[in-house]
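> Compute the structure for the input listed below.
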Amino acid sequence: MLKISSLKKLVTDSMAIDLGTASTIIAVKGRGIVLDEPSLVAINEMNEEIVAFGQEAADMSGREGRDVAVRAPMIGGVVGDFERTKKMLAYFVKKAKTGGSNIAIQGVMSIVSDVTHVEQRALLNAAEDAGIGKVFMMEEGLAAAFGAGVLATDKRASAVVDIGAGTTNIAVIAKGTIVHSTSDRYGSNAINDALATHIRRHRGLQVGEETTEFLKTNFASTFLPEDLSTSIEIRGRDVQTGSPGAVEITAGEVYPIVEGIVRRIALRVKDTLTELRPEVAADIYDRGVILTGGGALLEGIDKYLREFIKLPVTVPEEPRYAIVNGLVKMFDDQELLERVASNELSILQNAEIPFEV
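Here you go, the predicted structure:
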């Protein structure tokens, strides 16, 4: 006979879901992070059926079969394509569940601070359709703060800047609540787009997402490189001839492109910090800013921001997982979870979801 405890293991998956523009990360209470995959679907364009999700879809990207297109159903941290987001989330949730159980008692999801009721309702519906019993929603900035070690009992304020692929969230937290926040639908993906545009326009080479991502993570720096002539060969398709081609690109060429994007994010942070009440500003002056999200891994970004805002900047361990780690902590304090969740259900239930949000 099954012991109650082992039966519980089958059904009490309390799931934390960070459904992001670039990646979906899921953690389960007691098991830690169980899934970290690109937020992508591969679609057969002949019949509109989804043929692959997540990492499998990403592996096809840029090298798809002639009838296959790889798409990102999340745009700027919100649902861009409702039906495909729903299917993608259901696939990820099923993959994250244990012991063949189809029940997740509860889930908590992150949302951007300027999410509309319609966008929130779309996420809520997608989570419910994925088989999660009770769904809580929590602002990304608050989740990132808890995940980076800010305590809900701390009465002094902390500032968290979460740079995702499609969004930048700036949140100031005190006593477990957000006292000020701003959100920009603009993140580190802008670097990839700017690099691709530059290489196409100025070097006559069309490059894929894999190449721009490699340049951003392995070659680019937000600080002026010591040797501007350091170069790397990149390959793609020659714009004029259409044939396969390659060009050498230098660190000096890449730097101003990256710096332009990072400067925009830094300006947003600086502007937000000028809107704080005096006591809050005093706390932030002492404590500085915590940098989280995948964008925090960009070479030299903490140093750049430190010089730009003239305040201390710290990056926690595993900044990409700050949001999901903060969400999963909520299951240890149900009262706090209910207090911080932003589910105004009566309003949400009246928000109609169009097929394309």
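> Domains of the chain: list them as residue ranges, please.
The record's domain split for the chain, according to automatic domain parsing, is 4-144+322-344, 156-187+266-319, 189-258.
> My guess is A266 contacts L311. True?
No. Counting by Cβ atoms under 8 Å, A266 does not reach L311; the two are 11.3 Å apart. The C-beta positions use only the backbone N, C-alpha and C, and glycine is treated the same way.
> What helix or strand is K303 located in?
Assigned by DSSP states H and E, K303 belongs to helix 301-309.
> what mean pLDDT does that helix have?
Taken as a whole, helix 301-309 carries a mean pLDDT of 95.
> then it to CSV, C-alphas only?
What follows is the C-alpha trace of helix 301-309 in CSV, where atoms were taken according to Å, rounded to 0.1, in the frame of the first residue of the first chain:
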residue,chain,number,x,y,z
ILE,A,301,27.7,45.5,-16.9
ASP,A,302,27.9,45.8,-13.1
LYS,A,303,31.0,47.9,-13.4
TYR,A,304,29.3,50.1,-16.1
LEU,A,305,26.2,50.7,-14.0
ARG,A,306,28.3,51.4,-10.9
GLU,A,307,30.1,54.2,-12.7
PHE,A,308,26.9,55.5,-14.3
ILE,A,309,24.7,55.8,-11.2
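> Report the buried residues of that helix.
Neighbour counts over helix 301-309 (16 or more other Cβ atoms under 10 Å) mark I301, D302, Y304, L305, R306, F308, I309 as buried.
> Closest to T272 out of these?
Checking these against T272 by Cβ to Cβ gives I309 as the nearest, at 9.9 Å.
> In terms of helices and strands, where is the closest residue in space to the closest one that isn't next to it in sequence?
Closest residue to I309 apart from its sequence neighbours, by Cβ to Cβ, 6 or more residues apart in numbering: K270 at 5.3 Å. Assessed by DSSP H and E, K270 sits inside helix 251-273.
> And the helix or strand that that helix is followed by, what does it pack against?
In the C-terminal direction, the helix or strand that comes right after helix 251-273 (DSSP H and E) is helix 278-287. Under the contact definition 3 or more Cβ pairs under 8 Å, 6 or more residues apart in numbering; DSSP states H and E, helix 278-287 sits against strand 158-163, strand 168-174.
> Just say which of the ones you listed is most tucked in.
strand 158-163 (a mean of 27; mean count of other Cβ atoms under 10 Å).
> can you list the weak-confidence ranges in the chain?
Low-confidence segments of the chain, defined by pLDDT under 70: 1-12, 98-104, 342-357.
> for it, what spans make up the helices?
Here the chain has its helices, by DSSP state H, at 4-11, 54-60, 82-96, 117-129, 140-147, 189-203, 209-218, 251-273, 278-287, 301-309, 322-329, 334-340, 345-349.
> Next, the angle from the third one to helix 117-129.
Looking back up the chat, that one is helix 82-96. With axes from the mean of the first three to the mean of the last three Cα atoms, to 10 degrees applied, the angle from helix 82-96 to helix 117-129 works out at 40 degrees.
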